[in-house]
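Asks: using only what follows, build the 3D model:
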Amino acid sequence: MPPKFDPNRVDIVYVRAVGGETAPASTLAPKIGPLGLSPKKIGDDIMKATKDWKGLRVTVKLTIQNRIAKAEVVPSAASLVIKALKEPVRDRKKDKNILHNGNIALKDVYEIARTMRARSMAKEFSGTVREILGTARSVGCTVDGKAPQDLIDAIRSGELETPAE
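Replies: This is a model prediction of the structure:
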């Protein structure tokens, strides 16, 4: 016999989904089915929560209590950098291996670093900024027209001063 249902228990499930699209029920079913929830309904909730992140892969945190799920987006550094590029929405089925060769402002990097500060492993804010610049480098974009690696070196040597927080 299965254990009694506890209405006060809170379950947290993390799912990777494409923003603005319904998550396939086949990927949600193994994670959400044992909790007694409908994967189709949860897929619609995820679609509503991720409509601002159209076309980007984001992590969604599902907080489930008393068989009611709340979906919230947990953005990664890469998805924040790509969102800051303000690229047009692309068709994932047709456009593959896209290069994000845009340019973002340094103040946008500071804003992304403030968002990611709680999840960063860096001791100081400048370390978090360097993490975001490394992400920008791997995405393939420039920051204020310069290569992100040059800005990382400038922060390390002390030529570029970052805000305290």
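
Asks: mind checking how far the longest helix anywhere in the chain is from the chain centre?
Replies: Counting by DSSP state H, the longest helix found in the chain is helix 125-139. In terms of CA atoms, centre = their mean, to the nearest Å, the centre of helix 125-139 is set 15 Å apart from its chain centre.

Asks: which secondary structure elements does it sit against?
Replies: Contact here means 3 or more CB pairs under 8 Å, 6 or more residues apart in numbering; DSSP states H and E; on that basis helix 125-139 packs against helix 77-84, helix 106-116, strand 142-143, helix 148-157. Quick note: C-beta positions are derived from backbone N, CA and C, even for glycine.

Asks: show me the contact partners of that helix.
Replies: By CB atoms under 8 Å, 6 or more residues apart in numbering, the residues outside helix 125-139 that reach it are 77-78, 80-82, 85, 100, 104, 109-110, 112-113, 116-117, 120, 122, 142-143, 147-149, 151-152, 155-156, 162-165.

Asks: and the helices and strands packed on helix 125-139: which comes nearest residue 52?
Replies: helix 77-84 (8.4 Å; CB to CB).

Asks: the closest residue to residue 15 other than its chain neighbours: what's it in contact with?
Replies: What sits nearest to residue 15 in space, not counting adjacent residues and going by CB to CB, 6 or more residues apart in numbering, is residue 60, at 5.0 Å. Contact partners of residue 60, counting by CB under 8 Å, 6+ apart, are 14-17, 23, 46, 49-50, 71-74.

Asks: what helix or strand does residue 60 sit in?
Replies: strand 57-65 (DSSP states H and E).

Asks: what's the following helix or strand after that strand?
Replies: Next in sequence after strand 57-65, counting helices and strands by DSSP H and E, comes strand 68-74.

Asks: listing partners with orientation, what would you give for that next one?
Replies: strand 57-65 (antiparallel) (DSSP bridges).

Asks: and the average pLDDT for stretch 26-34 is what?
Replies: Computed over stretch 26-34, the mean pLDDT rounds to 84.
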